[in-house]
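Peer 1: Turn this into a model:
(one chain, ligands or ions: 1)
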Amino acid sequence: MPDRRPYNFSAGPATMPEEVLRQAAEEMLDWHGSGMSVMEMSHRGESFGRILHDAEHDLRELLGVPQDYAVLFMQGGALAQNALVPLNLSRGTRADYVVTGSWSSKSEREAHKYCDVQVAAKPEGGFLDIPDPAGWRVRDDAAYLHYCGNETIDGVEFHFVPTGFAPPLVADMSSSVLSRPLDVAAHGCIYAGAQKNIGPAGLTLVIVRRDLLGRALAACPSAFDYALLAANSSMFNTPPTYAIYMAGLVLQWIRRQREGELQGVQAMAERNRRKAAMLYECIDSSSLYGNRVARTARSRMNVPFQLRDPALDAAFLAGARSHGLLQLKGHKSVGGMRASLYNAMPEAGVRALVDYMREFERTH
Ligand SMILES: *Cc1c(COP(=O)(O)O)cnc(C)c1O
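Peer 2: Next up, the predicted model:
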């Protein structure tokens, strides 16, 4: 192992900014002179109140969340939202889903329990591109139109917001939120599990336009009713306090990032663009590695790639580990490799990966 913390390319739970981990370690036993760890505090106390307030404030600043949107800190992961979105927003009527990969496919399947679902678009022959919105079948009277901003497993990303449809947009942004500027106002609802780009698992972020609140089906559990959570500042019951604290530290870290004139999410976007370009360039210029996703739909966050001969996979992964490059094995449904390049992955990590890939190619 090299003489540094290894670079962790996991798709999630994923690498965290080292600075944040060090700060959390320093504050572990005594948060700001309170005599308590954050995980020991009452969620109703003044200290945690500040942590929650600051996290919401920083998130609103970073994404430019308009005032007519509620920010909810929930539990259950993005997968729970596959049920909670129709429970809260469908009114039991109609909802349309764009299916561009494994995660939106799961969202679509779960929604059938709660409403009349139509697939607005789904590419034929595998998840390798975003179908042209001009050809989507969207019902004007659908309660919402759901899509997944970045397909974490398939490596397919929307590089545009699919506006121009009558129903409000609902987006699963689990693996791309905060990686680039996001037009919140173009959406009715955005949700994201935290463990990719925000913080530890256990926290789920929901941003929802307030005029969509108060439509929950009678069967919706109270603890997951968006309107009740909004009315109680995410404290209808005990929220995932420590995960919210960690997310707050990550949000502060993003606010400190600079790239020339750029700050915050814009700085992240510029850095993420360079990181992804470096890795795709390595893949495209090689005869050993390949990525089949259409260039206009390639993900900047999750880069799946295959070795020409899968018999080399084990040697590639073992060599990677010995170079301090962890968790590069691809999702079992896709095979091959996958490098996740979330905000917390430094450029030096991607450079180390590319150097290793070139060396492996020379020797195999
Ligand atoms: C990881 C992920 C999920 C599932 O998240 P859980 O927190 O495990 O429920 C859903 N959608 C996307 C896009 C993801 O990346």
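Peer 1: And for the closest residue to M41 other than its chain neighbours, the neighbour number?
Peer 2: Spatial nearest neighbour of M41, excluding adjacent residues (C-beta to C-beta, 6 or more residues apart in numbering): F48 at 4.8 Å. Backbone N, C-alpha and C define where each C-beta goes, glycine included. Residues contacting F48 under the criterion other C-beta atoms under 10 Å number 22.
Peer 1: how about the longest helix along the chain as CSV, C-alpha atoms only?
Peer 2: Taking DSSP state H as the assignment, the helix of the chain that covers the most residues is helix 264-284. In CSV, the C-alpha atoms belonging to helix 264-284 read as follows (Å, rounded to 0.1, in the frame of the first residue of the first chain):
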residue,chain,number,x,y,z
GLY,A,264,-19.3,25.8,-4.1
VAL,A,265,-21.3,23.6,-6.4
GLN,A,266,-19.9,25.4,-9.5
ALA,A,267,-16.4,24.7,-8.4
MET,A,268,-17.4,21.0,-7.8
ALA,A,269,-18.9,20.8,-11.3
GLU,A,270,-15.7,22.1,-12.9
ARG,A,271,-13.5,19.7,-10.9
ASN,A,272,-16.0,16.8,-11.7
ARG,A,273,-15.9,17.6,-15.4
ARG,A,274,-12.1,17.4,-15.4
LYS,A,275,-12.0,14.2,-13.4
ALA,A,276,-14.5,12.4,-15.7
ALA,A,277,-12.7,13.7,-18.8
MET,A,278,-9.4,12.3,-17.6
LEU,A,279,-10.9,8.8,-17.0
TYR,A,280,-12.9,8.6,-20.2
GLU,A,281,-9.9,9.8,-22.2
CYS,A,282,-7.9,6.9,-20.7
ILE,A,283,-10.7,4.5,-21.6
ASP,A,284,-11.2,5.8,-25.1
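Peer 1: quick revisit: who are the packing partners of the host helix or strand of the residue nearest to M41?
Peer 2: Under the criterion of DSSP states H and E, F48 resides in helix 46-63. Counting contacts by 3 or more C-beta pairs under 8 Å, 6 or more residues apart in numbering; DSSP states H and E, helix 46-63 is packed against strand 69-74, helix 241-256, helix 264-284.
Peer 1: ok, residues contacting it?
Peer 2: Outside helix 46-63, the residues that touch it by C-beta atoms under 8 Å, 6 or more residues apart in numbering are 31-32, 34, 36, 38, 41-42, 65, 71, 73, 177-178, 181-182, 184, 205, 207, 233-235, 239, 241, 244-245, 247-248, 251-252, 254-255, 264-265.
Peer 1: that older thread, quick one, which of the helices and strands packed on helix 46-63 is nearest to D141?
Peer 2: strand 69-74 (23.4 Å; C-beta to C-beta).
Peer 1: could you give the mean pLDDT of the longest helix of the chain?
Peer 2: For helix 264-284, the per-residue pLDDT values average out at 98.
Peer 1: ditto for stretch 136-148
Peer 2: Mean predicted confidence for stretch 136-148 is 98.
Peer 1: what do you get for stretch 96-108?
Peer 2: Mean predicted confidence for stretch 96-108 is 98.
Peer 1: and the end-to-end length of stretch 118-136?
Peer 2: One end of stretch 118-136 sits 11 Å from the other (C-alpha to C-alpha, to the nearest Å).
Peer 1: can you list the domains in this structure?
Peer 2: Per the record, the chain has its domains at 21-254, 259-363, by automatic domain parsing.
Peer 1: returning to that earlier point: format the helices and strands packed on helix 46-63 as CSV; extra columns: distance to the ligand and mean neighbour count.
Peer 2: Listed next are these as CSV, based on distance: least, C-beta to the nearest ligand atom, whole Å; neighbours: other C-beta atoms under 10 Å:
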stretch, distance to the ligand, mean neighbour count
strand 69-74, 11, 23
helix 241-256, 11, 21
helix 264-284, 16, 18
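Peer 1: Of the ones you listed, give the one that comes closest to G92.
Peer 2: strand 69-74 (21.3 Å).
Peer 1: so what does the closest one touch, helix or strand wise?
Peer 2: Strand 69-74 packs on helix 46-63, strand 204-209, helix 226-231, going by 3+ C-beta pairs under 8 Å, 6+ apart.
Peer 1: roughly how far is it from the heart of the chain?
Peer 2: Here the centre of strand 69-74 is set off from its chain's centre by 16 Å, with C-alpha atoms, centre = their mean, to the nearest Å.
Peer 1: so what strands line up beside that strand?
Peer 2: Partner strands and pairing direction for strand 69-74 (DSSP bridges) are strand 204-209 (antiparallel).
Peer 1: what's the angle between the partner strand and helix 46-63?
Peer 2: 60 degrees (axes from the mean of the first three to the mean of the last three C-alpha atoms, to 10 degrees).
Peer 1: what does strand 204-209 contact?
Peer 2: Contacts of strand 204-209 (C-beta under 8 Å, 6+ apart): 59, 63, 65, 68-78, 80-81, 88, 168, 177, 184, 187-194, 198, 226, 229-230, 247.
Peer 1: residue contacts, the residue lying closest to L229 once chain neighbours are set aside?
Peer 2: Closest residue in space to L229, ignoring its immediate chain neighbours: L72 at 4.7 Å, by C-beta to C-beta, 6+ apart. By C-beta under 8 Å, 6+ apart, L72 lies in contact with 205-208, 226, 229-230, 234.
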